[in-house]
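# Here's a sequence, model it:
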Amino acid sequence: MTRLEAWAPDGFPEVAAGDDLAALVLAALGDGADLADGDVVCVTSKVVSKSEGRTRVGDREAAIDEETERVVARRGATRIVRNRLGLTMAAAGVDASNVAVGSVVLLPLDPDASARALRREVRDRTGTNVAVVVTDTSGRAWREGQTDLAIGAAGLLVAEDFAGRTDGHGNPLAVTLPAVADEIAGTAELVQGKLGGRPVAVVRGRADLVLPPGDDGPGAASLVRPEGGDLFGWGAREAVVRALVGDEADRAPFGGRAEAEELTAAVRRLPDIADRTAVAAVCFAHGWRVEDWERDRSER
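Model (predicted):
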């Protein structure tokens, strides 16, 4: 039998810049007495950011601009962007909730480093070997609602790689890679709640995922797909406009160059293959220049 437990203590104080976050976390957890080797301590990015001075007074839109690497999709005032951490999120992760009116909270500068520091302090002060996950809330494509995910991690196997194994029926597993760090973050959010003032949670029961002292693992950054590796690098409307404009700076999010046969099949779907503007846009979206595709066709 496998059992998973999760709990979040009440009474966590308001956090300010310069506060000793490790001391606050341990105090909430019985000065560390509530912890055991193999536990996963989850803390919201908001309290990490507040302790690190990532709260500022000012315009939220300006903060979003500052944190944005590129806009992925826009619908009216809503912006889905790839932020400086490589995360694709609404408003770049800039949050104006649970903070003084007129202020915003930015994500930590380096959530993995924040997780490593907290893990080290817990180990030094209690002798307990835990993993640490820094969590944040995000929406999902094709799904209503939001869920928490890991934006920082230390001492945790963030994903279990089952590729190359077989299931109980002998079927090979090709690309099975559970993002367990995200699953743990979601578990923690269930006991923390959004309005309960419980930014810290402990998840117990997966000590097999917790790495030995001194091994912090690859961190949550390893779960971020590189630019161009996602099948949905642009929003639907943005993709059309970007392909028609054909700016070289916009190529990467469309992904790697397609095979010539795939591009040719796509071009043949156009209602007018003589429309050079349309052909050029389709070529651009497939990682080609129209002249290179035409040369390839003539050489076949």
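# Going by C-alpha atoms from here, please, whenever you check contacts or count neighbours.
OK.
# Identify the residues contacting the nearest residue to Ala154 once chain neighbours are set aside.
Once flanking residues are discounted, Ala154 sits nearest to Asp216: 4.7 Å by C-alpha to C-alpha, 6 or more residues apart in numbering. Asp216 makes contact with Arg116, Ala154, Gly155, Leu156, according to C-alpha atoms under 8 Å, 6 or more residues apart in numbering.
# residue boundaries of the helices in the protein?
With helices called from DSSP state H, the chain shows them at 21-28, 45-51, 60-67, 111-126, 180-192, 236-245, 260-267, 276-285, 290-299.
# circling back: for the contacts of Asp216, which entry has the maximal number of neighbours?
When the contacts of Asp216 are compared by neighbour count (other C-alpha atoms under 10 Å), Ala154 ends up highest, at 31 neighbours.
# residues contacting it?
Here Ala154 is in contact with Asp112, Ala115, Arg116, Arg119, Ala131, Val132, Val133, Asp216, Gly217, Pro218, Gly219 (C-alpha under 8 Å, 6+ apart).
# what do you get for His286?
Phe254, Gly255, Gly256, Arg257, Ala258, Leu263.
# do the same with Thr44
Contacts of Thr44 (C-alpha under 8 Å, 6+ apart): Val134, Thr135, Asp136, Pro199, Val200.
# of all those residues, which comes closest to Arg269?
Arg269 has its nearest neighbour among the contacts of Thr44 in Asp136, at 41.7 Å by C-alpha to C-alpha.
# Tell me how many other residues surround the closest one.
21.
# same check, this time on the one 3 residues further on
One way to gauge burial is a neighbour count; for Gly139, by other C-alpha under 10 Å, it gives 16.
# mind checking how far it is from Ala90?
8 Å (C-alpha to C-alpha, to the nearest Å).
# Find the nearest non-adjacent residue to Trp234, please.
Val72 (4.9 Å).
# didn't the one you found look like it was pressed against Glu238?
Yes: at 7.3 Å, Val72 and Glu238 qualify as touching, with contact defined as C-alpha atoms under 8 Å.
# Out of those two, name the residue with the larger neighbour count.
Neighbour count, other C-alpha under 10 Å: between Val72 and Glu238, Val72 has more, with 23 against 15.
# show me the contacts for the residue nearest in space to the middle of the chain.
Nearest to the mean C-alpha position of the chain, counting by C-alpha atoms, centre = their mean, stands Leu87 at 4.6 Å. Taking C-alpha under 8 Å, 6+ apart, we find Leu87 in contact with Val81, Val224.
# re the thing from before, who touches both of Gly139 and Ala90?
By C-alpha under 8 Å, 6+ apart, no residue touches both Gly139 and Ala90.
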